[in-house]
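K.L.:
fold the following and give me the result.
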Amino acid sequence: MKRAHPNQVVPADDAAARKLFKGDDLGLTFYTHPPNAEVSVRKFEDFTASRLKLLHAIDRACNSQELRLEAMKDMIRPKLAREFRDSGLELGYPETPGKTQSFRLDKLDFQGRDNISHFALRLAFCKNRDAREWFLRQEQRLFVLRFEALSPEARETFLESVGLECTRFQDGDYEMISLKKLQATTPGARIWVEGSRVPQYELNYYVMPFREVPERLISGRRVVLHRGKAFVPASLLKLVITRRFKESLSAALDVAFQGQHVAMMDPRVGGFLRVLQEHGMDLVAPRSSSEELSEKLSLGNFEQLLSRSFPPCMRRLVEKQRETKKHLKHAGRLQLRPFLKACGFTFEDSCSWWRKELCRDPTLTSEKFEKSYLYDVEHAYGKKGHLQGQNCCGCPALIASPGEAVGQVHGCFFKQLEPSALQQQLQRWQVPIATMLEIQRLIKEGKHYQLACIEYFKSQHPSSDGEGVGNSPMDFFRTSCRYHKAQKAASPKDSPEPQAIEG
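P.N.:
Okay, the predicted model is just below:
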């Protein structure tokens, strides 16, 4: 016998060892018990940030294809292989002799990282409804991907461990029900294989009380009901157990909310958790801000770039302030200031621009700007306050912004506007009818605001696929400038460049 751990003995025969681990749950859990381990603050932050990056990657991948939980294994898991590997949140069954011998230790390391990062994000995302819903949705998706990675034996063991009353169906157990009848009457039992015109049929069914089955599976006639029992195809088990997981995590977030103040007061991790609370929805958007801008914003090219390269959420702020001749309220200014800074405005540019734009409001004089608004510009550039400056927020944070009150303009352009107002504004911006219809469909059918923004971008940048757009306003601006730089390079050298006209 070979030993992988002082307390765990692994068979010397690797085939026998792999068979032994085939029923392992791979660390899958409902996170009912908080971790009882000591780690450095650095590791705590690294584990948490890595998990948050993975959740954002899952969110982007699912939203880009409008996927339901049923299709995630085949459509999403292969595309996220690198993200899972980089996060350290990937554990599979051992397939090689070396992996077989180290599996126990690998699993312990995985469980520690998994539990610590989950409970840290639970504290950070329990504060408000939007954050909770986002966290619940991404953790559900991650849970489904992990559950589907389990072997059939491990799935059955896990269902039993969480108290789900469930047994595998055997022909002859029920007088009026046979496997052939279940296959014939259950739409979800048909499995279509690419290249074949004849479907294969699900061979495994599970019997459980009908109350355990999500209502949509019953209303959609995707399971068979008989005398209080539900006969569920094995392929739909993930939806049954995921509902339980969601209910458990939702209740746990209520508990976390009650005790979050204790964690926030901890001098070692409180500051980090507060940052996650405020910026976790956009904290790990792709760090394209580190890339050099192909074209920087200045007072000289502002008018040209406003209509050409500004994302709708920022363009609307500028145009609305000019149209109404009323200065932007706090939320709108807070949204626009760091964006202009990130696009290339120097401190002097910002001071000059904000003075000119805010003073379009007849109630606001230059003296009042100096007294009440200049400090905000200085704060954004790290010259006042905590001296760290302000960073441009991402799309998730804008989408999560509260609704606009009278006189306010802020948040996500595609979420804040009513359908009729949205259509009128898109028409003013000369967006093609086909694009408008697609944007309205994306918003109406699934509230896919980021996908709607990508469609808008594609309509304004012919032949572009919108790659890289949809995570933050800066991604929109940067990708647009890169597009126009490439267009200019491809055009004849003697083509005159349009002159900017200041208004």
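K.L.:
hmm, L426 is touching L437, no?
P.N.:
No: L426 is beyond contact range of L437, at 10.3 Å (criterion: C-beta atoms under 8 Å). Just so you know, the C-beta spots here come from the backbone N, C-alpha and C atoms, and that holds for glycine as well.
K.L.:
the two: who's more crowded?
P.N.:
Using other C-beta atoms under 10 Å as the criterion, L426 and L437 rank with L426 on top: 22 against 12.
K.L.:
the more buried one: which element?
P.N.:
helix 419-428 (DSSP states H and E).
K.L.:
spit out the contact partners of the residue nearest in space to the middle of the chain.
P.N.:
Taking C-alpha atoms, centre = their mean, the centroid of the chain lies closest to D59, which sits 3.1 Å from it. When the contact criterion is C-beta atoms under 8 Å, 6 or more residues apart in numbering, the partners of D59 are 134, 137-138, 141.
K.L.:
quick revisit: tell me the buried residues in the helix holding L426?
P.N.:
422-423, 425-426 (16 or more other C-beta atoms under 10 Å).
K.L.:
output the below-cut-off pLDDT ranges for the stretch 51-200 of the chain.
P.N.:
With pLDDT under 70 as the threshold, the stretch 51-200 of the chain has low-confidence stretches at 63-71, 74, 188-189, 191-196.
K.L.:
sorry, back to before: what's the most distant pair in the buried residues of helix 419-428?
P.N.:
Across the buried residues of helix 419-428, the longest distance by C-beta to C-beta is 7.4 Å; it joins Q423 and Q425.
K.L.:
need the pLDDT of Y31.
P.N.:
Y31 carries a pLDDT value of 96.
K.L.:
I meant K19, not that one.
P.N.:
At K19, the model reports a pLDDT of 68.
K.L.:
with M281 instead?
P.N.:
Here, the pLDDT recorded for M281 equals 67.
K.L.:
also N7?
P.N.:
As predicted, N7 sits at a pLDDT of 50.
K.L.:
then the one 5 residues further on?
P.N.:
What the model reports as pLDDT for A12 is 52.
K.L.:
can you give me the strands in the stretch 151-300 of the chain?
P.N.:
Using DSSP state E, counting those that start in this stretch, the strands of the stretch 151-300 of the chain run over residues 167-168, 190-191, 200-201, 205-209, 224-226, 229-233.
K.L.:
compare those and say which comes out lowest on pLDDT.
P.N.:
Note on the strands of the stretch 151-300 of the chain: strand 190-191 shows the lowest mean pLDDT, a mean of 70.
K.L.:
can you pull the buried residues of stretch 204-221?
P.N.:
By neighbour count on 16+ other C-beta under 10 Å, the buried set for stretch 204-221 is 205-208, 210, 212-214, 217.
K.L.:
just give me how far it sits from the chain centre.
P.N.:
In terms of C-alpha atoms, centre = their mean, to the nearest Å, the centre of stretch 204-221 is set 29 Å apart from its chain centre.
K.L.:
same check, this time on stretch 111-129
P.N.:
With C-alpha atoms, centre = their mean as the basis, the mean position of stretch 111-129 lies at 15 Å from the chain mean.
K.L.:
CA atoms only: put it into CSV for me.
P.N.:
The C-alpha coordinates for stretch 111-129 follow below in CSV (Å, rounded to 0.1, in the frame of the first residue of the first chain):
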residue,chain,number,x,y,z
GLN,A,111,-11.9,22.8,0.3
GLY,A,112,-10.0,25.4,2.3
ARG,A,113,-9.8,27.8,-0.6
ASP,A,114,-13.4,27.2,-1.6
ASN,A,115,-15.0,27.7,1.8
ILE,A,116,-12.9,30.7,2.8
SER,A,117,-13.6,32.5,-0.5
HIS,A,118,-17.3,31.7,-0.5
PHE,A,119,-18.0,32.9,3.1
ALA,A,120,-16.0,36.1,2.4
LEU,A,121,-18.1,36.9,-0.6
ARG,A,122,-21.2,36.0,1.3
LEU,A,123,-20.4,38.8,3.8
ALA,A,124,-19.6,41.2,1.0
PHE,A,125,-22.7,40.6,-1.1
CYS,A,126,-25.4,40.3,1.6
LYS,A,127,-25.8,44.1,2.0
ASN,A,128,-28.4,44.9,-0.7
ARG,A,129,-30.9,43.1,-2.9
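K.L.:
report the buried residues of it.
P.N.:
Going by neighbour count (16+ other C-beta under 10 Å), the buried part of stretch 111-129 is 111-127.
K.L.:
swap in stretch 75-86?
P.N.:
By 16+ other C-beta under 10 Å, the buried positions in stretch 75-86 come out as 76-77, 80, 83-84.
K.L.:
and for stretch 257-274?
P.N.:
Buried, per 16+ other C-beta under 10 Å, within stretch 257-274: 257, 260, 263-264, 269, 272-273.
K.L.:
name the residues that touch stretch 44-53?
P.N.:
Contacts for stretch 44-53 (C-beta under 8 Å, 6+ apart): 39, 83, 86-89, 113-114, 116-118, 120-121, 124, 269, 272, 276, 280, 283-284.
K.L.:
now, the buried residues of stretch 111-129 that are in helices?
P.N.:
111-124 (DSSP state H).
K.L.:
neighbours around A489, how many?
P.N.:
Quick note: A489 (other C-beta under 10 Å) scores 8 neighbours.
K.L.:
what's the helix or strand for it?
P.N.:
Element membership for A489 (DSSP H and E) is helix 473-490.
K.L.:
what sits up against that helix?
P.N.:
Helix 473-490 is touched from outside by 285-286, 288-289, 291, 293-295, 305, 308-311, 313-314, 339, 342-343, 392-395, 398, 453, 457, 460-461, 464, 466-470, 495, 497, with contacts defined as C-beta under 8 Å, 6+ apart.
K.L.:
which parts of that helix are buried?
P.N.:
Applying 16+ other C-beta under 10 Å to helix 473-490 flags 473-484 as buried.
K.L.:
and that helix, average pLDDT?
P.N.:
Mean pLDDT, helix 473-490: 92.
K.L.:
CA atoms only for it - export them in PDB, please.
P.N.:
The C-alpha trace of helix 473-490 is given here as PDB (Å, rounded to 0.1, in the frame of the first residue of the first chain):
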ATOM      1  CA  PRO A 473     -17.800  52.300 -20.000                       C
ATOM      2  CA  MET A 474     -14.000  52.500 -20.400                       C
ATOM      3  CA  ASP A 475     -14.000  49.200 -22.400                       C
ATOM      4  CA  PHE A 476     -16.500  50.900 -24.800                       C
ATOM      5  CA  PHE A 477     -14.400  54.000 -25.200                       C
ATOM      6  CA  ARG A 478     -11.200  52.200 -25.600                       C
ATOM      7  CA  THR A 479     -12.500  49.700 -28.100                       C
ATOM      8  CA  SER A 480     -14.100  52.500 -30.100                       C
ATOM      9  CA  CYS A 481     -10.900  54.500 -30.300                       C
ATOM     10  CA  ARG A 482      -9.000  51.400 -31.300                       C
ATOM     11  CA  TYR A 483     -11.600  50.700 -34.100                       C
ATOM     12  CA  HIS A 484     -11.300  54.300 -35.500                       C
ATOM     13  CA  LYS A 485      -7.500  54.200 -35.300                       C
ATOM     14  CA  ALA A 486      -7.600  51.000 -37.400                       C
ATOM     15  CA  GLN A 487     -10.100  52.500 -39.800                       C
ATOM     16  CA  LYS A 488      -7.900  55.600 -40.200                       C
ATOM     17  CA  ALA A 489      -4.800  53.400 -40.800                       C
ATOM     18  CA  ALA A 490      -6.600  51.500 -43.500                       C
END
